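J.: Just to be clear, the model below is a prediction. Sequence and coordinates:
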Amino acid sequence: MRIDVVSIFPDYLAPLELSLIGKARQDGILDLRVHDLREFTTDRHRTVDDTPYGGGAGMVMKAEPWAQALTAVADAAPGPERRPVLIVPSPAGERFTQALAHELAGEEHLAFACGRYEGIDERVLEWAAERFDVRPVSLGDYVLNGGEVAVLAMVEAVGRLLPGVVGNPESLVEESHSDGLLEYPVYTKPAQWRDREVPAVLLSGNHGKIAQWRRHEQFRRTALRRPDLLESFDAGSLPRADRNAL
Ligand SMILES: Nc1cc(-c2ccc3ccn(Cc4ccc(CN5CCCCC5)cc4)c3c2)n[nH]1
């Protein structure tokens, strides 16, 4: 997979050189390139922003540097690929979910446009639709100062789904939100820690009971912390035993 990120703070993306994503880049699984938007300006001051039409606080990112940068990204595409997906982090975007992470993990080429200030001139997103599948995406219902933190999260969530990135693909199967429920609690040695025990069933070696206990814990936690997920949960997809646990 090829990933291009455009930002006025390219160093903000440095953490993507570390750990599993960094190793995936070294292994050639992920071809990730970060571009400084200011490299695509033409004036002496390398201007990327200006005052908003219609008034209002703050500044807006100018269209032309973005058009130059995104043209370079589209032209650098490795081959006659499908249109790249251009993810534009925004508080006004579709929610980023595990399902969207899986969808994006199936793409050949992702591009991320990190806005700052009050956002990017809207005409950029309209213009970019000629060469990209443009997707405004929100990390959550809170306001960050720019798109970089959202891109770090999304690249990690997508990158870890790529074959060969996570050591044990098994650990990708039973994870939060993969089956519509929150994950069960986990424990490790010692069995007794500061007068607190590990649930006895986990020491029983009875794998059927353990699976049942874990499933029940998923429901209990989801009902407690994220009842909204239970509204959209398809109980019909459950084996009868689990349905009875509801
Ligand atoms: N999930 C999530 C993603 C982001 C995100 C992503 C990208 C950018 C680029 C800039 N910001 C900061 C920002 C955004 C919106 C406002 C409100 N303002 C009201 C008047 C009309 C213009 C907009 C203020 C500052 C960003 C924030 N935050 N949260």
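T.: Sure thing, it's come through.
J.: and residue 104, how many residues sit next to it?
T.: Residue 104: 22 surrounding residues under other C-beta atoms under 10 Å. C-beta: built from backbone N, CA, C; applies to glycine.
J.: For it, give me its contacts.
T.: Residue 104 makes contact with 85, 87, 110, 154, 158, according to C-beta atoms under 8 Å, 6 or more residues apart in numbering.
J.: ok but the third one is inside a helix, no?
T.: Spelled out, that is residue 110. No - counting by DSSP: H, G, I helix; E, B strand; the rest coil, residue 110 is located in no helix; its state is strand.
J.: from here on, count from 7
T.: All right, first residue 7 from here; so that's residue 116.
J.: Okay, and the beta partners of it?
T.: According to DSSP bridges, the residues that bridge with residue 116 are residue 9, residue 91.
J.: tally of neighbours for it?
T.: Residue 116, neighbours per other C-beta under 10 Å, totals 25.
J.: So it sits against residue 9, correct?
T.: Yes - with contact defined as C-beta atoms under 8 Å, residue 116 counts as touching residue 9 (4.9 Å).
J.: Let me know how buried the residue of the chain found nearest the ligand is, in neighbour terms.
T.: In the chain, the residue that lies nearest the ligand is residue 121 (3.2 Å; C-beta to the nearest ligand atom). When neighbours are counted by other C-beta under 10 Å, residue 121 registers 26.
J.: For residue 66, give me its contacts.
T.: Shown in contact with residue 66 (C-beta under 8 Å, 6+ apart): 55, 56, 57, 58, 123, 124, 125, 126, 127.
J.: just to revisit the earlier point, any idea which helix or strand carries the residue of the chain closest to the ligand?
T.: Per DSSP states H and E: residue 121 is located in neither a helix nor a strand.
J.: that older thread, closest to residue 18 among the contacts of residue 110?
T.: Residue 18 lies nearest to residue 160 out of these, by C-beta to C-beta, at 13.5 Å.
J.: so where does that closest one fall, helix or strand?
T.: Per DSSP H and E: helix 154-165 holds residue 160.
J.: Show residues contacting whatever helix or strand comes next after that helix.
T.: Downstream of helix 154-165, the first helix or strand assigned by DSSP H and E is helix 176-179. Residues outside helix 176-179 that contact it (C-beta under 8 Å, 6+ apart): 166, 167, 172, 184.
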